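> predicted structure and sequence below. I'll ask about it afterward.
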Amino acid sequence: QVQLVESGGGSVQAGGSLRLSCAVSGLSVSTYTMGWFRQTPGAEREFVAAISWFLSTMNYADSVRGRFTISRDNAKNTVDLQMDSLKPEDTAVYYCATGRALGAGLPDRSRYEYWGQGTQVTVSS
């Protein structure tokens, strides 16, 4: 059984940092694409970042590129999202996901099979 459990969410002031972590069981993060998505009330779940199983290719949404960094720890079977220079518009529930997405499909949430329960990130101005 595949399980993804996010942690590290919380409240921070604009300009601050948070580090989200996703602990995975039931599959190896080294052989699956790992992604982070986020969602605000009334909006669709949107892509944030991903790291591919193939060549560890990384992809970021334009809105977070240069501020967020995705990383994978194969030994711990976890994937992290370091979020710096946070803005109020980054406020959302953040979800970890995994699947076999590749290349141009990395931002496509339909390419991800398993999802975590989400963790709230709140950035105040």
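Done, it's in.

> give the rounded mean pLDDT of stretch 16-30.
The average pLDDT within stretch 16-30 is 97.

> ok now that stretch, how far from the chain's centre?
The chain centroid and the centroid of stretch 16-30 are separated by 8 Å under CA atoms, centre = their mean, to the nearest Å.

> list the buried ones in it?
The neighbour-count check on stretch 16-30 (16 or more other CB atoms under 10 Å) flags 18, 20-24, 27, 29 as buried. Where C-beta positions appear, they are placed from N, C-alpha and C, glycine not excepted.

> now tabulate the residues you listed in JSON lines and tack on secondary structure and distance to T57.
Shown next, in JSON lines, are those (DSSP: H, G, I helix; E, B strand; the rest coil; distance: CB to CB, whole Å):
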{"residue": "L18", "secondary structure": "strand", "distance to T57": "24"}
{"residue": "L20", "secondary structure": "strand", "distance to T57": "20"}
{"residue": "S21", "secondary structure": "strand", "distance to T57": "21"}
{"residue": "C22", "secondary structure": "strand", "distance to T57": "18"}
{"residue": "A23", "secondary structure": "strand", "distance to T57": "23"}
{"residue": "V24", "secondary structure": "strand", "distance to T57": "19"}
{"residue": "L27", "secondary structure": "coil", "distance to T57": "19"}
{"residue": "V29", "secondary structure": "helix", "distance to T57": "14"}
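
> using the three-state scheme, assign the residue positioned nearest the centre of the chain.
By CA atoms, centre = their mean, the chain has its centre lying nearest to W36, at 1.9 Å. Classification of W36 using DSSP: H, G, I helix; E, B strand; the rest coil returns strand.

> which residue sits closest to it, ignoring its sequence neighbours?
Spatial nearest neighbour of W36, excluding adjacent residues (CB to CB, 6 or more residues apart in numbering): V48 at 4.3 Å.

> good, wrapping up.
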